[in-house]
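>>> Mind looking at a prediction? Sequence and model below.
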Amino acid sequence: MNHNQKPTMQQEQAAVEVKTAFAEHLNQFNASCDAVRDIEGNQSAIANAAFKSALLSRDQTKSIQTDDGTEWRHDLDLSKISSVCHRRIADQIEFAVVESLSLKPGTEMRDVLNRGDNVREVLKGFIRDQRQVLRLWKDDLNAQVKELLANKYPGQDVSRVADSFEYKMTQAISQTYIHAQSQSHGMKV
């Protein structure tokens, strides 16, 4: 199919249906891309603030116990569900990104996503992992879009709609990655 041609009425209708059916998913996906981009863009400031908080706090910050039984001190929030934390081990400070998910009222799952003695490396690992999550999420949503289209338009060529949806998500991830690369090289986007 030539994607430079004007879409057919059926393709336009399919695009509207996909946009409607997946609007919330796409909004959440774009918000997650924005969050990763914000963390990447502020990585040095976040690392400095977390390190300073760890040095200055002597049991004054909120304590978080993760599901593995480890106790951490909260330094700062990265998002609604993740935060940078620290704990003291002998004469060292260990940092971690801890994710807290509410499963049901009064029940939380708290997992250590990344940990290490260098807060910058912990953040880099977290960002790298989040990019991978975005790619997997994109693939999953694209498969759902293709399934919806195959069920609604059996035997019809609406691949252009699925391709367009996937392209938008790929662009959102790419913009996140491009922003990170330009930040690491000291250029503004």
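Happy to help now that I have it. Numbering: from 1, shown residues only.

>>> how about residue 170, what does it touch?
Residues counted as contacts of residue 170 (CB atoms under 8 Å, 6 or more residues apart in numbering) are residue 138. In this view, the C-beta of every residue, glycine as well, is placed from N, C-alpha and C.

>>> any idea which element it lies in?
Element membership of residue 170, judged by DSSP states H and E, is helix 159-184.

>>> One more: residue 87?
strand 82-89.

>>> and that strand, how far from the chain's centre?
Put simply, strand 82-89 sits 20 Å off its chain's centre (CA atoms, centre = their mean, to the nearest Å).

>>> partners of it, with directions?
Strand 82-89 pairs in its sheet with strand 71-77 (antiparallel), strand 92-104 (antiparallel), by DSSP bridges.

>>> Save those as TSV, and put in mean pLDDT too.
Shown next, in TSV, are these (pLDDT from 0 to 100):
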stretch	mean pLDDT
strand 71-77	93
strand 92-104	91
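
>>> Can I get these in CSV including mean neighbour count and distance to residue 165?
What follows is the strands paired with strand 82-89, written out as CSV (neighbours: other CB atoms under 10 Å; distance: least, CB to CB, whole Å):
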stretch, mean neighbour count, distance to residue 165
strand 71-77, 17, 31
strand 92-104, 16, 27
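
>>> Nearest to residue 145, out of the ones you listed?
Of all the strands paired with strand 82-89, it is strand 92-104 that lies closest to residue 145, at 25.8 Å by CB to CB.

>>> outside of the next helix-or-strand element following that closest one, which residues touch it?
Downstream of strand 92-104, the next assigned helix or strand under DSSP H and E is strand 107-116. Defining contact as CB under 8 Å, 6+ apart, one finds that strand 107-116 is touched by 64-68, 70, 72, 82, 94-103, 122-123, 125-126, 129.
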